[in-house]
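**Student:** How does the following fold in three dimensions:
(chains A and B)
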2 protein chains.
Amino acid sequence: MDDQRIKYIESKIRSIPGYPKPGINFRDITPMLHDRKAFAECIGLLKEKANGTKANYIVGIDARGFIIGSALAYSLGLGFIPARKKGKLPYDTVSMGYEMEYGSASMEIHSDALKKGDVVIIVDDLLATGGTAGTVGKLVEKLGARIESYLFVIELVDLKGREKLDGGRVASLVSYRGE
Amino acid sequence: MDDQRIKYIESKIRSIPGYPKPGINFRDITPMLHDRKAFAECIGLLKEKANGTKANYIVGIDARGFIIGSALAYSLGLGFIPARKKGKLPYDTVSMGYEMEYGSASMEIHSDALKKGDVVIIVDDLLATGGTAGTVGKLVEKLGARIESYLFVIELVDLKGREKLDGGRVASLVSYRGE
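**Tutor:** Residues are numbered from 1 along each chain as shown, chains lettered A, B, ... in the order given. The predicted structure follows:
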């Protein structure tokens, strides 16, 4: 059953070769979000991955992780915490830089968003090298909270992003190999 | 009843004077998103504003409008369409520029996201001057779709943003005056 639901979601993910630069095959979730059935199934399947969760918050990663994470938080009755690129959050933040293929970037979370004893699920649309999600995980732990899991719609398996994600289990709905 | 629910939501909106620049009193919804009860009430109240909707899509505005719009789309069983700042969407787009206090900006929607006969609700966290939401409305109409309504969590009433929003009714949950 799951298999058919996942195939339906996968059928609504669009591949855009050469975006944002040559050699990259971009996996575009906008047709999936657009299709009410696929969008509802996607959130429903992620909710099942979080079955029996002890988390009190979803941490969604800027910006497509906001779309997936917010609907998931609402469906689970949890609070939502945005993790954003540097300079986008208005209050006191904890910040951490990380290396990317070209150059570096930073992620931030409000410093009053989490405390010891809190449990979170970190959500993004796509797991590639794991740089961004791994950094968000480190910020969560820096604030004393525990990571229950990392949930993604899409995983680019060969990039081995899972290996960069500590502290919680990792799950995704649709996997791509060979890229 | 509504009044108490709205007061509760309002109590979770944080004011940050001088952000992002002197003279601005930033209305920060992150404590409201963080509070599972306030977040659920917020989406529930917006859902009531959309009562009897004929819309088939929610158009959420980058990036806080993704958080509100996505949960609302999920709760209503609708599809979700992201409206983004220029250069952020991977496929063919329609684009439109607009003037801001200092300089100008552009918003985009995927050109295959809407067609004649489609009906949308446009969602953002905050209505200020109406420049961004008004531009997204024009893009929606350019693609031949109809705007049923514009929904916001917060409205800065004195900035008269409503006057810039054509084609659909406008509703918000929490109003601020005198700024």
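
**Student:** Surely A:Gly161 is in contact with A:Leu126?
**Tutor:** No. A:Gly161 lies out of contact with A:Leu126 (CB atoms under 8 Å); the separation is 9.1 Å. Every residue, glycine included, has its C-beta placed from N, CA and C.

**Student:** overlap in contacts of these two?
**Tutor:** A:Glu155 (CB atoms under 8 Å, 6 or more residues apart in numbering or on different chains).

**Student:** tell me what the top strand by length along chain A is packed against?
**Tutor:** If you go by DSSP state E, chain A has its longest strand at strand A:146-156. In terms of contacts (3 or more CB pairs under 8 Å, 6 or more residues apart in numbering or on different chains; DSSP states H and E), strand A:146-156 is packed against helix A:36-49, strand A:119-127, helix A:131-142, strand A:169-176.

**Student:** Buried deepest among the ones you listed, which one?
**Tutor:** Counting by mean count of other CB atoms under 10 Å in any protein chain shown, strand A:119-127 has the highest mean neighbour count of those, with a mean of 26.

**Student:** by contact count, what packs against that strand?
**Tutor:** Looks like strand A:119-127 contacts strand A:57-61, helix A:64-76, helix A:131-142, strand A:146-156 (3+ CB pairs under 8 Å, 6+ apart).

**Student:** between the last one and strand A:169-176, what angle do the directions make?
**Tutor:** It refers to strand A:146-156. 10 degrees (axes from the mean of the first three to the mean of the last three CA atoms, to 10 degrees).

**Student:** and what of the longest one?
**Tutor:** On the basis of the same axes, to 10 degrees, helix A:64-76 is oriented at 120 degrees to strand A:169-176.

**Student:** in helix A:64-76, what counts as buried?
**Tutor:** Across helix A:64-76, burial judged by 16 or more other CB atoms under 10 Å in any protein chain shown covers A:64-76.

**Student:** returning to what we had before: could I get the helices and strands packed on strand A:146-156 as TSV with distance to A:Met100 and mean pLDDT?
**Tutor:** What follows is these, written out as TSV (distance: least, CB to CB, whole Å; pLDDT from 0 to 100):
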stretch	distance to A:Met100	mean pLDDT
helix A:36-49	26	98
strand A:119-127	14	98
helix A:131-142	6	97
strand A:169-176	20	98
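
**Student:** Select, out of those, the one closest to A:Ala105.
**Tutor:** Between A:Ala105 and the helices and strands packed on strand A:146-156, the shortest gap by CB to CB is with helix A:131-142, which sits at 7.6 Å.

**Student:** Tell me which residues touch the residue most central in space within chain A, please.
**Tutor:** Per CA atoms, centre = their mean, the C-alpha nearest to the average position across chain A is that of A:Asp124, at 1.6 Å. For A:Asp124, the contact set (CB under 8 Å, 6+ apart) comprises A:Gly60, A:Ile61, A:Arg64, A:Gly65, A:Ile68, A:Gly69, A:Thr132, A:Ala133, A:Tyr150, A:Phe152.

**Student:** give me that answer again for 7 Å
**Tutor:** A:Ile61, A:Arg64, A:Gly65, A:Ala133, A:Phe152 (CB atoms under 7 Å, 6 or more residues apart in numbering or on different chains).

**Student:** tell me which parts of chain A are close to chain B?
**Tutor:** Proximity of chain A to chain B is confined to A:14, A:16, A:19, A:26, A:28, A:30, A:33-36, A:39-40, A:43, A:62-63, A:66-67, A:70-71, A:73-75, A:77-82, A:90-91, A:110, A:113 under the rule CB under 7 Å from any CB of the partner chain.

**Student:** so where is chain A shaky, pLDDT-wise?
**Tutor:** In the predicted model, chain A carries pLDDT under 70 at residues A:1, A:179.

**Student:** picking that back up, possible to save the buried residues of helix A:64-76 as CSV with distance to A:Asp2?
**Tutor:** As requested, those are arranged in CSV below (distance: CB to CB, whole Å):
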residue, distance to A:Asp2
A:Arg64, 23
A:Gly65, 22
A:Phe66, 25
A:Ile67, 22
A:Ile68, 18
A:Gly69, 21
A:Ser70, 23
A:Ala71, 19
A:Leu72, 17
A:Ala73, 22
A:Tyr74, 22
A:Ser75, 17
A:Leu76, 19
